[in-house]
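>>> sequence-free structure coming up:
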Ligand SMILES: [Zn+2]
């Protein structure tokens, strides 16, 4: 039986730069959903204009 690495695909990512981040790092709740960030700078950018970074493109590969 093949083992699927679900944990890897479920890792939260920084919506600003797209990096995978650990849950223990910076986080910010927006519209009932928690987003994680690799740095203060990314968090600040997100807060300035969340709608710019919230897109489903990271969840789906449809193009
Ligand atoms: Zn980042």
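Nice, I can see it. The structure presented is a predicted model; accordingly, all values stated were derived computationally and were not measured.

>>> How about the closest residue to residue 39 other than its chain neighbours: which residues does it bridge to?
Closest residue to residue 39 apart from its sequence neighbours, by C-beta to C-beta, 6 or more residues apart in numbering: residue 26 at 7.1 Å. C-beta here means a position set from N, CA and C on the backbone, and glycine is covered the same way. Taking DSSP bridges as the rule, residue 26 bridges to residue 37.

>>> so who does residue 26 touch?
Residue 26 makes contact with 36-40, 42-43, according to C-beta atoms under 8 Å, 6 or more residues apart in numbering.

>>> nearest residue to the residue positioned nearest the centre of the chain other than its sequence neighbours?
By C-alpha atoms, centre = their mean, the chain has its centre lying nearest to residue 13, at 3.1 Å. The spatial neighbour of residue 13 that comes closest, neighbours along the chain excluded (C-beta to C-beta, 6+ apart), is residue 20 at 5.1 Å.

>>> Can you get me a residue count around the one you found?
11 (other C-beta atoms under 10 Å).

>>> Kindly give the local confidence score, pLDDT, for it.
At residue 20 the predicted local distance difference test score is 90.

>>> ok, so what distance separates it from residue 49?
Applying C-beta to C-beta, to the nearest Å, the value for residue 20 to residue 49 is 22 Å.

>>> do the same with residue 40
16 Å.

>>> Get me the contact residues on the protein for the ion.
With the criterion set to C-beta under 5 Å from the ion, the chain comes near the ion through 14, 16-17, 38, 42.

>>> out of those, which are inside helices?
residue 42 (DSSP state H).
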